[in-house]
Structures are given as structure tokens and as C-alpha cells.
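Colleague: 3D, please:
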Amino acid sequence: MLQRGKLLAGALGALALLAGSSFAQDAAPQVASVIHAGRLLADASNGRVLTEQSILVGADGRIIGIEAGYVTPPGATIIDQRRRFVLPGLIDSHVHLTSELGPNQLLDEVQLSPSDQAMRGVQNAQITLGAGFTTVADLGASNDAIFALRRAINEGRVQGPRIIASGSSVTPHGGHGDANGFSPAVVDVLRSPSACSGADDCRRAVRRQIQAGADVIKITATGGVLSNTAAGVEQQFTDAELAAIVESAHAMGRRVTAHAHGAGGINAALRAGVDSIEHGSYTDAESLRLFRRNDAYLVPTILAGVTVEEMAAAGGVLTPAQAQKAREVGTRMRQSIQNARRAGVRVAFGTDSGVSRHGINAREFQFLVEGGYTPTEAIRIATVDAADHLQLGDVTGRIAAGYAADIIAVDGDPTQDVAVLMNVPFVMARGATFKNE
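Modeller: Residues are numbered from 1 along each chain as shown. Predicted structure coming up:
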């Protein structure tokens, strides 16, 4: 018995030594797959394009590393992208996955349940991922619908991009994010659960959204094009309400992004300390100064402006109140991004898809380039900068060791022509291949 005890102690000691040895500490993680990349833009912040590279992906969905040449680790699945240009998965900082603007927009508000919206969200999430967008921020949806979709994707039950979700927008009563254009009885049923009036009530709305599961607080600081009311696009929250919203959100570890078109509303939101502005159509010199002072991001959504302009001209979708605002705002969005670029304002890629059709998100690149950005700068805005904006800078946006394996490949060179990003034949999200045509 004594001898057996000595042998057992010796074995345990040997195991302890092995566990503490450099061999155990330095054991390489298992390579599950390797992407052979003909050309690789791993980090758009430096713009360096490498050739003939191998991206090693672990079983946990993270990137293990990049090696020169085409290596073939034992047991790894080889994914051949040698004839393609490989780059990080794209990030859209403003989408609405559970809806899409169309002729039935008013009926959809009263006919579709949150469950219906979630089912539509599943389809739109797959379309968005297939377009090369591996991360999105969903800014304004039914809490039940979008939080359920986010959970299902996180659990691997459905396929879709990583979702940062705000849920219901915090809005003033009767404001852009509230129910408008219906009879009083219907408005009472459809009223936003996050509608508020007065600073204390707005604090309550923010806290309730965080309690419900919001990753970020989205507010409607001004009127909007698609609210069915002739209330303009200027400031709707009071300064005191804006301050209460930002203070409450920041105290609970949430950033605040503000839908804002009119300059007065943009500037009031920035003075209150919001972290980013969505749309920013009528920025002025004071807006640009406040953006720089606060180190805030602009999410321009030029595609949304172009879309509503086209809808207003064609007729059949927008109500008269919506069409009038659409004609005024669309052109201003294109001017705003030019002003932002010249002033050095930080910009994150966003489209407001759901206003435009899901899956054509990459059309926004064209408008960024028309606004003066180089193709590589536009890609940076949709990868490194958008990741930083969404506080995912150490998770995604680059192809580097330790980052999520969010990777796409295209035919052609997007650093020369961003139009090639409209057709993405290879998509990997969090280490799983979603598409490889």
C-alpha cells in the first residue's frame, strides 16, 4: 500500500511539473481551418496588401495567426481563396433587420406581431450576412423581436451577423420614434414603450431599455423623414431631457447614439454628450467643432437618403408628409459627408438598411468614395473604425491573431474599385463558413 502511494505521488508530481512546463504553456491551439488568400488586406488602417498568405482559424472561431505562403496544418480544412482578395468582414453600424420599407409599411405596423418581425429578421439577417456584413448594429426594433434574434444567432440556432441591438428607440411622445398617423385609439396601442416626456421620465425610459437588454441606447433627437407626421426634422427632445438620457445611459455602461437631421438637434445632442450621430444631414460649423471636441462618430447612412429620394420621385410608398421631408434631406446627406471628411470627423459605416433593401448595404461604399474618401479609407470606415465605434475594436474589424474569424473574399480589388464589394462570394463569420461560391 505504501509503495502504491509513493508511485501515485510521483505520478501526480510529474503531471504537475508537466502542467507548469513551457511545453504545456506553449502548446499550439488546434487549427480547424486555413484560408489560402491570394491577396490579403488584414488591416485597412495601414492599407498594406499581402500576397499568398494563410489565415489559420481555430476551432473556437478565432484567428490563430497569419503565415506567409500556403501552409497546410495537419487535420485542417483548406479553404481555397487563392484567386480572390481577402479582407475583414464588413460592419454596418445602422440597420433594421426586422423590417423593410415598402408599400405595406402602415399595415405592417398593425398586422405584424413581434414574432412575425423576428421571423422576417431571420431572413434579413441571412441576406445581410451573405452580403459580407458579419457585424451589424440594429437601431430601432421591437424589443421582443430583435433581442430574440440576437440570442438565436449568439446560440448558433440561426445564421446571421453579430448583432449589437438597441431595441426600441427612446423618443419624445409624438416624436420620430413614436406611433404617428393613426387614430388615437390605434396610437395608444402602438405607442413606443420607450416614449417619454420630461427628464425624469426619460431617465426611466433609458433604464427600462437597459433592463430589457439594450446594448446601446438609440434616441430620436430630431424629427425624421419616415415618421408619418409633418413635424419637420429639427430638435424634439429638450436639452434637459437629452442630458438626463446621456447621464442615465453612461451611468449604466451604455453608449448613446442619436438619430439627428437638423443642425440644432445635432448640436444639442452633441452638447449633451451623445457618443455618435446617425444621419447628421444638416451639420454646420458648430456641429463639426462639437464632433471633434467630443471625439464622437458620425454614421452618415447616405444610402437611406438616396433611397427615400428615389421613393419620393417614384411614388407609391411614402406618404405625403414623408415624401416632402425625403426630397429635402437626401441631398443634404451627401453634402454632410463631404463636410465631415474635410473637418476630420470620425466616421463609421452605416446604411439604415430596412429603409433600403437588405443585402445592398455595400452600395454605401460608392457614396463614401463620391464624398472624397479613397476606397481603402472607405473599407477602413466599415471595418476598423466601425468596430471601434461599436466598442468591438478588440473583437473584429481586423484579420489578426486573437480576433474573431470574420472574413470575406471578393473577386477583383476593392482597394481600387469598391463596386466589387457588391458581390461577396465568400463569407466566414466567427470561424464558420456561411458562403463559398
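Colleague: mind listing what V345 touches?
Modeller: Shown in contact with V345 (Cβ atoms under 8 Å, 6 or more residues apart in numbering): L288, F291, R292, L298. From N, CA and C alone the C-beta is placed, and that goes for glycine too.
Colleague: show residues contacting stretch 281-298.
Modeller: Residues contacting stretch 281-298 (Cβ under 8 Å, 6+ apart): 233, 261-263, 266-267, 270-271, 273-277, 280, 305, 329, 332-333, 336-337, 339-340, 343-348, 385, 389.
Colleague: would you mind listing which of those residues are buried?
Modeller: Taking 16 or more other Cβ atoms under 10 Å as the criterion, what is buried in the contacts of stretch 281-298 is 233, 261-263, 266-267, 270-271, 273-277, 280, 305, 329, 332-333, 336-337, 339-340, 345-348, 385, 389.
Colleague: ok, back up a step: need the max-distance pair from the contacts of V345.
Modeller: R292 and L298 (10.9 Å; Cβ to Cβ).
Colleague: who has more neighbours, the two?
Modeller: Between R292 and L298, counted using other Cβ atoms under 10 Å, L298 has the larger neighbour count: 28 against 13.
Colleague: a strand runs through that one, doesn't it?
Modeller: Yes: remark: L298 belongs to a strand, assigned using DSSP: H, G, I helix; E, B strand; the rest coil.
Colleague: sketch out the low-pLDDT regions of the stretch 301-437 of the chain for me.
Modeller: Counting by pLDDT under 70, the stretch 301-437 of the chain shows no low-confidence range.
Colleague: state the next helix or strand along the chain beyond the helix of greatest length in the chain.
Modeller: Using DSSP state H, we find that the single longest helix of the chain is helix 320-343. Moving toward the C-terminus from helix 320-343, the next helix or strand (DSSP states H and E) is strand 346-347.
Colleague: distance from that next one to the middle of the chain?
Modeller: Centroid displacement of strand 346-347 relative to its chain, using Cα atoms, centre = their mean, to the nearest Å, is 14 Å.
Colleague: what lines up beside that strand in the sheet?
Modeller: Looking at strand 346-347 with DSSP bridges, its partner strands are strand 297-299 (parallel).
Colleague: for the strand it pairs with, what is the average pLDDT?
Modeller: Average pLDDT, strand 297-299: 98.
Colleague: which stretches of the stretch 1-150 of the chain have low pLDDT?
Modeller: Short version for the stretch 1-150 of the chain, where the test is pLDDT under 70: 1-28, 106.
Colleague: all helices of it, in order?
Modeller: Secondary structure of the stretch 1-150 of the chain (DSSP state H, counting those that start in this stretch): helices at 2-19, 22-25, 105-111, 114-130, 143-154.
Colleague: now do the fourth one against helix 143-154: the angle between them, please.
Modeller: Interaxial angle of helix 114-130 relative to helix 143-154 (axes from the mean of the first three to the mean of the last three Cα atoms, to 10 degrees): 40 degrees.
Colleague: tabulate the CA atom coordinates of helix 114-130 in PDB.
Modeller: Below are the C-alpha coordinates for helix 114-130, written out as PDB (Å, rounded to 0.1, in the frame of the first residue of the first chain):
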ATOM      1  CA  PRO A 114     -43.100  40.800 -32.700                       C
ATOM      2  CA  SER A 115     -42.900  37.100 -33.600                       C
ATOM      3  CA  ASP A 116     -43.600  37.900 -37.300                       C
ATOM      4  CA  GLN A 117     -41.000  40.600 -37.200                       C
ATOM      5  CA  ALA A 118     -38.400  38.200 -35.700                       C
ATOM      6  CA  MET A 119     -39.100  35.700 -38.500                       C
ATOM      7  CA  ARG A 120     -38.500  38.400 -41.100                       C
ATOM      8  CA  GLY A 121     -35.400  39.300 -39.100                       C
ATOM      9  CA  VAL A 122     -34.100  35.800 -39.600                       C
ATOM     10  CA  GLN A 123     -34.400  36.100 -43.300                       C
ATOM     11  CA  ASN A 124     -32.900  39.600 -43.400                       C
ATOM     12  CA  ALA A 125     -30.000  38.500 -41.200                       C
ATOM     13  CA  GLN A 126     -29.100  35.800 -43.600                       C
ATOM     14  CA  ILE A 127     -29.300  38.100 -46.500                       C
ATOM     15  CA  THR A 128     -27.100  40.700 -44.700                       C
ATOM     16  CA  LEU A 129     -24.500  38.100 -43.800                       C
ATOM     17  CA  GLY A 130     -24.500  36.800 -47.400                       C
END
